[in-house]
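Novice: Turn this into a model:
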Amino acid sequence: MADFSSLLFFLVGIIFCQASVIDLTSDNFDSIVNGDKFAFVEFFAPWCGHCKALAPTYEKLGEAFAKADDVVIAKVDADADKTLSSRFGISGFPTLKYFSKGSTSAEDYSGGRDIKDFISFIEGKTGARAIMAVTKENVVQLDSSNFDSVALDKTKDVLVEFYAPWCGHCKSLAPVYEKVGLAFKNEPNCVVAKVDADGERSLGERYGVSGFPTIKFFPRDSDEAEEYNEGRSEQDFIDFLNEKCKTNRKSGGGITDDAGRIDKFDEFAKEFMTNVDKRDAILEEAKSLIDAQEDPKDATYYTKVMERVQSKGDAFITTEIERLNRLLDGAISAKKSDEFSKRRNILKKFQVDTTKTEL
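Specialist: Numbers count the residues shown, from 1 in each chain. Sure thing, here's the model as predicted:
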């Protein structure tokens with residue numbers, strides 16, 4: 001029994017150590033916050049609104065220091081664990097305390113509660129360096145430190161909302177704008193962004209912002225921002241960006257049925273399937289035009305389909321569409337989803353309608 005208890009304690013220790021944010025209780029607090037490492041601890045209550053608002057930021061903080069050997073990011077349900085709450089004099093939630101390496105005495109944290117504030121504090125105290133996951137937000141938050149590098153990037157088309165936190169129209173637009181950001185999240189060269197022009201007044205003045213929200217489009221091929229004067233529904237924004245960015249996005253982040261298709265090669269596909277005797281000539285003509293296309297990769301796929309049909313037979317089209325449907329129904333990355341959806345769009349242009357017959 002003793003051996004089993006030791007093993008169980010060891011395994012529990014591994015689980016605690018592997019978590020980004022470690023859950024502490026009276027049972028494990030002193031074994032983890034024991035002076036061996038720097039520790040940053042949130043004392044929270046599950047019913048506390050401020051704690052709920054802080055939770056995603058605090059989780060990111062745990063992930064940022066997950067690989068730092070000498071730093072522990074932890075939390076205590078101080079409403080459930082009255083012993084720890086009383087021991088550290090917790091009278092409100094959330095309360096944040098810092099424990100220096102080599103000490104078990106707590107230091108109150110009274111800084112800001114943005115991820116940048118937390119990281120700056122911990123890096124300054126510990127010398128450890130945060131490692132943030134590189135992800136593209138649905139809507140990129142801009143300020144004076146990153147505005148030029150994003151909005152004026154010559155490789156990207158960027159839509160920017162200049163807003164004010166107190167503005168009622170801005171608040172109404174926020175959920176719609178977030179959906180637009182989601183629709184274009186996987187387009188590397190088409191960015192949906194926003195800037196608090198009340199907090200960053202120099203940026204608002206620079207672009208003549210006199211009311212909120214003001215929306216401007218920054219094209220990659222120009223130094224001038226264009227005023228956005230279209231409708232403000234999700235589809236209005238999506239239509240505008242698809243035209244400007246030369247994309248084929250739809251609500252939710254998927255791609256339209258036109259994505260990947262090329263008019264001239266659609267014609268090749270139809271001819272190829274209906275003129276069996278001319279297939280070799282059609283394939284060669286299609287190959288000769290690949291390099292002249294805006295996206296040679298999509299054009300090349302048309303010719304690969306033709307080659308597969310020649311080697312496997314016409315049934316390849318139906319079989320391959322069914323295979324792609326199964327893949328798209330599974331758990332795949334956004335990049336793969338785009339790739340497979342484009343292939344399916346192209347394959348459908350090879351399908352022959354056998355229900356129509358000439359009289």
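
Novice: buried set for the helix or strand containing residue 307?
Specialist: Per DSSP states H and E, residue 307 falls inside helix 296-312. Of the residues in helix 296-312, 298, 299, 300, 301, 302, 303, 305, 306, 308, 309 count as buried by neighbour count, 16 or more other Cβ atoms under 10 Å. (Glycine included, C-beta is placed from N, CA and C.)

Novice: State the next helix or strand along the chain beyond that helix.
Specialist: Immediately after helix 296-312, counting by DSSP H and E, sits helix 315-329.

Novice: How far off centre is that following helix?
Specialist: 28 Å (Cα atoms, centre = their mean, to the nearest Å).

Novice: Repeat that for stretch 216-231.
Specialist: On Cα atoms, centre = their mean, the centre of stretch 216-231 falls 24 Å from the chain's centre.

Novice: Also stretch 51-68?
Specialist: The answer for stretch 51-68 is 17 Å, by Cα atoms, centre = their mean.

Novice: Buried ones in that stretch, by neighbour count?
Specialist: Neighbour-count burial for stretch 51-68 [16+ other Cβ under 10 Å]: 51, 54, 55, 58, 60, 61, 62, 63, 64, 65, 66, 68.

Novice: Determine the set of other helices and strands touching the helix or strand that contains the second one.
Specialist: Per DSSP H and E: residue 54 is located in helix 49-64. Helix 49-64 sits against strand 38-44, strand 71-77, helix 115-126, with contacts defined as 3 or more Cβ pairs under 8 Å, 6 or more residues apart in numbering; DSSP states H and E.

Novice: Could you look over these and pick the most buried one?
Specialist: Mean neighbour count (mean count of other Cβ atoms under 10 Å) peaks for strand 38-44 among these, with a mean of 25.

Novice: With only the CA atoms kept, save that one in PDB.
Specialist: In PDB, the C-alpha atoms belonging to strand 38-44 read as follows (Å, rounded to 0.1, in the frame of the first residue of the first chain):
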ATOM      1  CA  PHE A  38       9.600  31.700  -8.600                       C
ATOM      2  CA  ALA A  39       5.800  31.500  -8.200                       C
ATOM      3  CA  PHE A  40       3.000  33.700  -9.300                       C
ATOM      4  CA  VAL A  41      -0.300  32.700  -7.800                       C
ATOM      5  CA  GLU A  42      -3.900  33.900  -8.400                       C
ATOM      6  CA  PHE A  43      -6.400  33.500  -5.500                       C
ATOM      7  CA  PHE A  44      -9.800  33.400  -7.200                       C
END
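
Novice: what pairs with it, and is each one parallel or antiparallel?
Specialist: Here strand 38-44 is paired, per DSSP bridges, with strand 71-77 (parallel), strand 95-99 (antiparallel).

Novice: Looking at these, which is nearest to residue 126?
Specialist: Of all the strands paired with strand 38-44, it is strand 71-77 that lies closest to residue 126, at 5.6 Å by Cβ to Cβ.

Novice: ok, back up a step: so which elements touch the helix holding residue 307?
Specialist: helix 263-274, helix 279-288, helix 315-329, helix 334-348.

Novice: nearest to residue 93, of these?
Specialist: So among the helices and strands packed on helix 296-312, helix 334-348 is nearest, using Cβ to Cβ, at 37.1 Å.

Novice: so the closest one versus helix 296-312, what angle?
Specialist: Comparing the axes of helix 334-348 and helix 296-312 via axes from the mean of the first three to the mean of the last three Cα atoms, to 10 degrees yields an angle of 60 degrees.

Novice: tell me what helix 334-348 is packed against?
Specialist: helix 296-312, helix 315-329.

Novice: chain center to the first one: distance?
Specialist: So that's helix 296-312. Distance of helix 296-312 from its chain centroid, counting by Cα atoms, centre = their mean, is 32 Å.

Novice: again with stretch 71-82
Specialist: The answer for stretch 71-82 is 30 Å, by Cα atoms, centre = their mean.

Novice: Same check on stretch 129-145?
Specialist: Stretch 129-145 sits 10 Å away from the centroid of its parent chain (Cα atoms, centre = their mean).

Novice: Pull up the distance across it, start to finish.
Specialist: End-to-end span of stretch 129-145 (Cα to Cα, to the nearest Å): 20 Å.

Novice: ok, and what's touching that stretch?
Specialist: By Cβ atoms under 8 Å, 6 or more residues apart in numbering, the surrounding residues in contact with stretch 129-145 are 60, 63-68, 119, 122-123, 150-151, 160-161, 177-178, 180-182, 185, 191-196, 199-200, 202-203.

Novice: tell me which residues of that stretch are tucked away?
Specialist: Neighbour-count burial for stretch 129-145 [16+ other Cβ under 10 Å]: 130, 139, 140, 142.

Novice: All set, thanks.
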